[in-house]
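Q: Fold the following, please.
(chains A and B)
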Amino acid sequence: MMVNVKKNTISFRYFVILLTFSFLFSCKTKEYYNYKIEGKKIGITNEKGENTQIENYVAPYREHIKKDLDSVLAFSPETLDKSKGKWQTTIGNLLAQVVFELGNPIFEKRESKTIDICLLNHGGIRSIIPKGDVTTRTAYEVMPFENALIIVGLKGSKIKELATYILTERKPHPLYGIKIFADKNALTVKNIEINGKAVEDDKIYYVATSDYLANGGDNMTFFKESTLKFDMDYKLRNMLIDYFKKMDTLPVITDEKIILE
Amino acid sequence: MKRRDFIQKTAASSALLGLANIGLSSFSTIETKKITILHTNDVHSHIDPFPADHPKNANMGGAARRAALIESIRKEESNVLLLDAGDIFQGTPYFNYYGGELEFKLMSMMQYDLATMGNHDFDNGIDGFYAQLPHAKFEFVSANYDFKNTILKDIVKPYKIFEKDGIKIGIFGLGVELDGLVDKKLYKETVYNNPIEVAQDMSRILKHDKKCDLVICLSHLGFSYKNEPYKVSDLELAKKTKDIDLIIGGHTHTFLDKPVVEKNSDNKDVVINQVGCYGINLGRIDFYLSNDKVYHNQTKNIIV
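A: Numbering: from 1, shown residues only, chains lettered A, B, ... in the order given. Here you go, the predicted structure:
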């Protein structure tokens, strides 16, 4: 046994010497060094063809969406266009009315309160509603964003700020439930009516709007400052789709919300 | 006797093995290895190619075409990693209708290896993201989002290490500040930590503790913010960190003509790349590595 151990030790020693030698002369280590990098952008075109497995997998999804988006929900007797109208547009009037009509029952049920007015933003309308068939795709085109309904409580004094904002912006922001009487030259607020009554400074009014605006989007600071906000978890686009579904023919709403005197 | 025989034979053979090893490893074999990184960012549910009459991106993109391109590269290269820098979700009705299911399924079919989370990946809430995870055969990494009080705890990890052909590649993720960008009710108790500090930790862990040969950052911070110089971006990240070899970016939809090279805090080169959005481009970065000592401390040759 002793002899064996010795033998082993000898061969091991020999091995270590060899190993040391090999390390001395070696030009490599265990480590790898990154010595070169090549980088580029490759455009994705049909040059390499299409992967049929992927294409076949997507096809039924695509078909289902197409069928659903293009199914006719309602009819529009006229083209509703956001670029037609100085202080209000037919499409803006419609959107504000939709948000009120579909939002109010939920607000009443959840909070036992009533929506007084609706204010959306002109910039949020992304497409026209063309004369003819109205589809789900129309709703996606008009409202591609994921904005949802928020009800903001504002004091009458803040409603005046809201009115001043609209007059200063000079944009046909969608409005419902409010009448702003303004001086036609100075464009200053003379009088505001909600539910047919003059606005009272200390009364709380409930304004339906989008989460984007409620958080101060488009510089609507009067919304941002309010601490009274109710999230309805209802996307504006879904409100529009649900409205289209229950209507045969869309109304063309032309009543004035801003009256210059 | 038998035992003695065994010991003798073992000693002899290990000596022989040792010799053989020396022969192989010393003068004769300097090995080079190639690692190919393919990447996308901000695909935003663009599964179909742009139509032929599209004013900007006619006939570009599309999942089936992307898959074919990736397939053709995989045929030529054996060590491929396929990565995505976030915002997989949101942008076409595919997302509105199926909540990201199809995006994850297709990416799995293309054999994506890893992704990080973009702000839009929270669009159906952290629960909506979680619900789609069973469809993803790849993992997500994020080092600066602390998910410990959320449903993603222990699911989205800070980093992942891959080994390809004996090369260790450590990849960590970084996400953009969510406050002001994403509704709190969507990201819930996700905590955003300073990306630069986290990246300094991550690169040290991956390079020195885990001995990775390559360190890659999958970032959804954005390439750069000229008008907001204090905002954390990939350019800032590159300058203020070390030991990162490649930053794959997203969020700002930046169409870089070619990868950008920036100096890190050690005055060494970092490659940054971002390939726009909507699956219009695929980024490709090839790393060449060698065990030849001459390359130790030598400046990398970067061809872009």
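Q: pLDDT below threshold where in the chain?
A: Here I'm looking at chain A. By pLDDT under 70, the weakly predicted segments of chain A are A:1-29.
Q: Chain B was what I was after
A: Applying pLDDT under 70 to chain B picks out residues B:1-28.
Q: now the strands for it?
A: B:32-40, B:80-84, B:114-115, B:139-140, B:145-146, B:159-164, B:167-174, B:191-192, B:214-219, B:246-248, B:260-263, B:269-273, B:281-292, B:301-303 (DSSP state E).
Q: and what of the stretch 51-200 of chain A?
A: For the stretch 51-200 of chain A, the strands defined by DSSP state E, counting those that start in this stretch occupy A:72-76, A:117-119, A:132-135, A:148-155, A:175-176, A:178-182, A:189-194, A:197-198.
Q: about what we covered before: of all the strands of chain B, which lies closest to A:K113?
A: strand B:191-192 (34.9 Å; C-beta to C-beta). (C-beta placed from N, C-alpha, C; glycine too.)
Q: by contact count, what packs against the closest one?
A: Applying 3 or more C-beta pairs under 8 Å, 6 or more residues apart in numbering or on different chains; DSSP states H and E, we find strand B:191-192 packed against strand B:145-146.
Q: count of neighbours near A:Q97?
A: Neighbour count for A:Q97, taken as other C-beta atoms under 10 Å in any protein chain shown: 18.
Q: cool, and the one 10 residues further on?
A: By the other C-beta under 10 Å criterion, the neighbourhood of A:F107 contains 20 residues.
Q: Could you pull out the helices in the stretch 1-150 of chain B for me?
A: Listed in chain order, the helices of the stretch 1-150 of chain B (DSSP state H, counting those that start in this stretch) span residues B:2-23, B:63-76, B:93-98, B:101-109, B:125-132.
Q: Flag every buried residue along the last one.
A: Within helix B:125-132, the residues that qualify as buried by neighbour count (16 or more other C-beta atoms under 10 Å in any protein chain shown) are B:125-126, B:129, B:132.
Q: what does it contact?
A: For helix B:125-132, contacts defined as C-beta atoms under 8 Å, 6 or more residues apart in numbering or on different chains pick out B:89, B:99-101, B:104, B:117, B:121-122, B:124, B:150-152, B:155, B:185-188, B:190.
Q: And stretch B:216-230, end to end?
A: 23 Å (C-alpha to C-alpha, to the nearest Å).
Q: need the residues of the stretch 201-304 of chain B near chain A, please.
A: Contacts of the stretch 201-304 of chain B with chain A, taken as C-beta under 8 Å from any C-beta of the partner chain, map to B:213-214, B:245-246, B:256-259, B:271, B:273, B:275, B:279-296, B:298, B:300-304.
Q: Roughly how far does the closest residue to A:L250 other than its chain neighbours sit from chain B?
A: Closest residue to A:L250 in three dimensions, ignoring its sequence neighbours and counting by C-beta to C-beta, 6 or more residues apart in numbering or on different chains: A:S76, at 4.6 Å. Note on A:S76: its distance to chain B, by C-beta to the nearest C-beta, to the nearest Å, is 21 Å.
Q: just A:G92 next, same as before
A: Distance, A:G92 to chain B, by C-beta to the nearest C-beta: 24 Å.
Q: how about that residue, what does it touch?
A: Neighbouring residues of A:G92 by C-beta under 8 Å, 6+ apart: A:82, A:85, A:120, A:122, A:125, A:172-175.
Q: can you redo the residues you listed as CSV with neighbour count and distance to A:Y243?
A: Shown next, in CSV, are the contacts of A:G92 (neighbours: other C-beta atoms under 10 Å in any protein chain shown; distance: C-beta to C-beta, whole Å):
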residue, neighbour count, distance to A:Y243
A:K82, 22, 17
A:G85, 16, 21
A:L120, 25, 14
A:H122, 19, 19
A:I125, 23, 15
A:P172, 23, 20
A:H173, 26, 19
A:P174, 25, 14
A:L175, 25, 17
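Q: Quick one: neighbours of A:E256, just the number.
A: Number of residues near A:E256 (other C-beta under 10 Å) recorded here: 13.
Q: what about it, which helix or strand?
A: Using DSSP states H and E, A:E256 is not contained in any helix or strand.
Q: What's the local residue count around the spatially closest residue to it that is not a sequence neighbour?
A: Excluding its sequence neighbours, the residue lying closest to A:E256 (C-beta to C-beta, 6+ apart) is A:Q88, at 6.4 Å. The tally of other residues near A:Q88 (other C-beta under 10 Å) stands at 21.
Q: go on, B:P93?
A: With other C-beta under 10 Å as criterion, B:P93 counts 19.
Q: In this model A:D70 seems to touch it, though I could be wrong.
A: No - counting by C-beta atoms under 8 Å, B:P93 stays clear of A:D70, with 11.2 Å between them.
Q: ok, now which ones touch the residue nearest to A:E256?
A: By C-beta under 8 Å, 6+ apart, the residues touching A:Q88 are A:172, A:174-175, A:254, A:256-258.
Q: Looking at the stretch 151-261 of chain A, which residue is nearest chain B?
A: A:D211 (7.0 Å; C-beta to the nearest C-beta).
Q: ok, that residue to B:H251 distance?
A: 21 Å (C-beta to C-beta, to the nearest Å).
Q: okay, the two: which has more neighbours?
A: Higher neighbour count among A:D211 and B:H251: B:H251, with 25 against 20, using other C-beta under 10 Å.
Q: How about residue 217, nearest residue that isn't a chain neighbour?
A: Using chain A here. A:N121 (7.3 Å).
Q: my question was about chain B
A: Using C-beta to C-beta, 6+ apart, the nearest residue to B:C217 is B:I247, at 4.7 Å.
Q: isn't that neighbour right up against B:L237?
A: Yes - using C-beta under 8 Å, B:I247 is in contact with B:L237, at 6.3 Å.
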